[in-house]
Structure formats: structure tokens, C-alpha cells
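Q: using only what follows, build the 3D model:
(2 chains)
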Amino acid sequence: MTSTDDLEETFVSTPSGGRLVARYRRLLLAYPRWHRDLHAADMLTTLMDEAADGRGGPRAGLTLIADGIRCRFRVGGWAALVFAMLCAVAGAGLAAGLAGRAAWEVTSKPWPTQAQAQAMAAPVLPAGAPVSVTRFDDALGGSTDGVDRLLIPLLGDPEWHPGGVTLHYVTSSAAARGVAAAPSLLHVAGWHTHSARGGLVAERDDVRLTLLAAGRDFGTSDVVVQVYPAPPTAAYTAATVGIVVGAVGAWLVAAAAVARQRRQSFARRVRARLLATGGILAVLPATTINVIATVQADTDASAAPPWLGFGVIFARPGAAVGAVLLMAALVTSRNRHGAAVAPAPSPRTT
Amino acid sequence: MQEPTFVILTVLADGEQHGYGIMRAVEGTSRGAVTLRPGTLYAALDRLTLEGLVRVSREEHSPGGQLRRYYDLTPAGGDALRIEAEKRRQLALLALRRLRNGPATGATAHPA
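A: Just a heads-up that it's a prediction; the model follows:
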């Protein structure tokens, strides 16, 4: 068997040996950082021993990479597995929300002004002035109520509206029945129309118009017209990519954190696990809603934006608190130097 | 206990070994039936160390900065190996007894 000194002589001191060491060092990068901190130096010696026996080769390099990637994904124990799966869902929702929002901002048409909305909806607007007009330049809508305007940014919104300009008419039932002619009127004006969820949806130049006539009593009927930028398909495509990337990334981070904290003191392990469990439970509602909003994207009728979960009541503060707890858990899972502690030789008993 | 774990513990029952030594000894002990890649070996050593069945007995540092770590069995590892070996022995004995005393084997098992 080759001794360490022989190895040094045979490999490291020769140009080809130095190249081999450098190659193995590169291949070991396939392993996660915690594993490299613990085992890379010893593994390198073993790999050099193997090469000295003529047992290495290109195939050994490929299997080393495959083993390293497997090691990155490996989580031991059912509790760690459940935790990694929940982290994957949370990561998917977070990335879907961020990617969807970014793509939305870049590709969406500008928010219409009230005058623009009224001009565009002119063919189908009932006679007279609307009883209320609201305008929100946000895909998550908002509220005009004073208290709600204070609480929604903190707690989230119990209802979702698509934003844009909403014109609300209280008109006679006869006038509301005139809504039946709306599809042909809009069609003449160049809109593509279809019925959805009890109303009429029309699109033209990436702007969407929805028309809803809701009978309120025998004498009057509500007609609600909304005009807002059509949800861009690119946002849902980006969010779908975000789901995949976020799930894989979060799984890798969770697997590494689980592996690192296993070698820590009992107190530190308990602290990390409590923080991680609290954090993941707090972020899950918002991130799960984001995933559902992306997967159920229906760009034909009132598709919710992929970051909807960050605006839903209680899910919004939950996501913020959960993110802080998860960051704290991640920091706790690291030692002072941010690395796993290599096993020290045990005292021998003879 | 899986086969590679059993063979690694069996190898270490003979005394401390470094990584490549374990790989070679596993191959020899199992007569080539079990071969370990470095990735598989260190995944197993990582787990066994964590479970307290194996420990790092000493380290050698070469002047070139290389590290060679030696592993040996802990008392708990010895106990685990003993229990597993006994279980396997009982199973093997049972199998042999049944083969000896069973209804019939080979040609006699089939009607003439």
C-alpha cells in the first residue's frame, strides 16, 4: 500500500501529479461545502491512493461528480425529508412570486388613467355618470377605505381585485339589460370578447376590460366595468421557471442546513429546528398561494398574479416573519466560521 | 444494516484503517462482491461517525498538506456489528437447516 510520503514523492511533486491533485480538487467541488469542509482533504488522499494503484481514470471522475451531486440532495431521516419538501414548496412560491413580479413589471402595459379607461370602455358604458370610480396601479388592487389603507400593507388584503380602473354604475334594470349588446359593440371597436365567470371579458392591445351586470333589486341593477392591463403571459412563464429553480434551490439549502446542524450541540440543534419549523410554517401560506396562482394561471379571465400570496391577509405578515425565522435558523445551523466542524481524532483507550 | 455498512464495520473490526485501506479491504473481505467508490465510502463513514459507530482514531498530515485520516470501531460500533453478525448467522443456520430437513430439493422435488 502506498504511504503518504510515497504519494507525495510520486504525485504531488511531479507536474502530472500536481495536475491530478488539481483535477480531483475541481471534481470535489461537486460536493456541498459542509462535506468538503469535513472530508475533502482525506478524500483527496484516498483518490490519489486509488490513482497510484491505477484505479482512477475518467470514469472515476464522473462517478465522483454524480456522488457529489447526490450528496447535495441527500437528506437523512423522515423529519428532515418532510422539512426539505416544505422548504422546496416555500422556495418555489418565493421564486415564482419574485420572477413573476419582475417579468410582469417589464412586460405589462402601463396602468390606464381614468380618462383612458372611460374612453376605451365608451361603447359599453351605461348612460350617466358612474357612482364610484376607483383606480389602483397595482395588480393586487387595494382599498379606498381609510382604515383598510393602513391595515392592508401590514396584514394583507382579504379580497383580491385585479387593480386598474373600476367604474361602478347604478342604473335601471332596462339599461343593464342593454349589456347584452356589449359583445357586438366591443367587437366592432376591435375587442376580442368571451364570457367568463358570469361576466364579459374583452381584450385589445394587451388591455383587458371586464363587464359585469349584477341585478340588485327590481328597480336598479349594478353595472361594473373594470379596465386594467392584461396579465402578461411572460409573467406566468417566468413564475413557472421560478417554481422549478426555487424548489431545487430551497431543497439544496435545506439539505445542507440539515447536514450542518447534525454536528452541533443539542441546544443549538433544538434552537435551529424550532426556528426552522416556525419559519417554514409561517411562510407556507403565502408561498403555497403563489404556487397555486401560477399553476392555475388563467390568462383568459381574472388570472391572479404569481405573487398573490404576498398580498393575502395574514399570509403577508406570515411570510415576513417566516423569512426572518428561516434566516435565523440558517445562521444558527452554521458554526462561527460558517463551516461544518471536521471530526477530531477521538482519544484512544487501550 | 445494509451490506456495505456491514462489510465496512467488519473491516474496521480488524483494526484502524484509512480510506483507501477500507476500500481495498472491503473488496478483499467480500471477495469482490462489494466494491466501494470513494463517494460511497465517505457517505457511509460520515453517517457511521454521526451515529457513533465509527470514529477518527488519528490523522496524518504530510508536508505537502495532504491529510490521511484513520478510522476505527467505537464500542457501540462493535456491539452493532456483533448483533448484526449474530442475526445473519442465525438466519444462515436456519436456511441451512431447512435445506437439510426440508421436503426435498433438486431432482427429488419433482414427481418421477
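Q: can you get me a residue count around A:Ala119?
A: A:Ala119: 12 surrounding residues under other Cβ atoms under 10 Å in any protein chain shown. C-beta coordinates here come from the backbone N, C-alpha and C atoms, glycine included.
Q: name the element it belongs to?
A: Assigned by DSSP states H and E, A:Ala119 belongs to helix A:114-121.
Q: buried ones in that helix?
A: A:117-118, A:120-121 (16 or more other Cβ atoms under 10 Å in any protein chain shown).
Q: just the CA atoms of that helix, as PDB, please.
A: Coordinates of each C-alpha in helix A:114-121 appear next as PDB, following Å, rounded to 0.1, in the frame of the first residue of the first chain:
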ATOM      1  CA  GLN A 114     -59.500  57.100 -15.600                       C
ATOM      2  CA  ALA A 115     -59.900  59.100 -18.800                       C
ATOM      3  CA  GLN A 116     -58.200  56.400 -20.900                       C
ATOM      4  CA  ALA A 117     -60.300  53.700 -19.200                       C
ATOM      5  CA  GLN A 118     -63.600  55.600 -19.900                       C
ATOM      6  CA  ALA A 119     -62.600  56.200 -23.400                       C
ATOM      7  CA  MET A 120     -61.700  52.600 -24.100                       C
ATOM      8  CA  ALA A 121     -64.900  51.300 -22.400                       C
END
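Q: same for it, what does it pack against?
A: With contacts defined as 3 or more Cβ pairs under 8 Å, 6 or more residues apart in numbering or on different chains; DSSP states H and E, the secondary structure elements packing on helix A:114-121 are strand A:132-136, strand A:164-172, strand A:207-215, strand A:220-229.
Q: out of those strands, nearest to A:Arg33?
A: strand A:220-229 (43.5 Å; Cβ to Cβ).
Q: dihedrals phi and psi, the residue of chain A found nearest chain B?
A: Nearest residue of chain A to chain B (Cβ to the nearest Cβ) works out as A:Asp67 at 2.5 Å. Per-residue torsions, A:Asp67: phi -60, psi -40 (degrees, to the nearest 10).
Q: and A:Gln296, what does it touch?
A: A:Ala304 (Cβ atoms under 8 Å, 6 or more residues apart in numbering or on different chains).
Q: returning to what we had before: and the helix holding A:Ala119 with strand A:207-215, angle?
A: What separates the directions of helix A:114-121 and strand A:207-215 is an angle of 80 degrees, with axes from the mean of the first three to the mean of the last three Cα atoms, to 10 degrees.
Q: how far out from the middle of the chain is helix A:114-121?
A: Relative to its chain's centre, helix A:114-121 lies at 34 Å (Cα atoms, centre = their mean, to the nearest Å).
Q: coming back round to it: from the helices and strands packed on helix A:114-121, which stretch is densest packed?
A: Counting by mean count of other Cβ atoms under 10 Å in any protein chain shown, strand A:220-229 has the highest mean neighbour count of the helices and strands packed on helix A:114-121, with a mean of 22.
Q: which other helices and strands contact whichever helix or strand comes after it?
A: Sequence order places helix A:233-261 as the next helix or strand after strand A:220-229, per DSSP H and E. Taking 3+ Cβ pairs under 8 Å, 6+ apart as contact, the helices and strands that helix A:233-261 lies on are helix A:33-52, helix A:58-73, helix A:78-107, helix A:266-295, helix A:315-332.
Q: could you dump these into TSV and include distance to A:Leu125?
A: Below are the helices and strands packed on helix A:233-261 laid out as TSV (distance: least, Cβ to Cβ, whole Å):
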stretch	distance to A:Leu125
helix A:33-52	62
helix A:58-73	57
helix A:78-107	28
helix A:266-295	30
helix A:315-332	35
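Q: ranking these by burial, who's on top?
A: helix A:33-52 (a mean of 22).
Q: so A:Trp31 lies in a strand, does it not?
A: One thing to correct before we go on: residue A:31 is Tyr, not Trp. No: applying DSSP: H, G, I helix; E, B strand; the rest coil, one finds A:Tyr31 to be coil, outside a strand.
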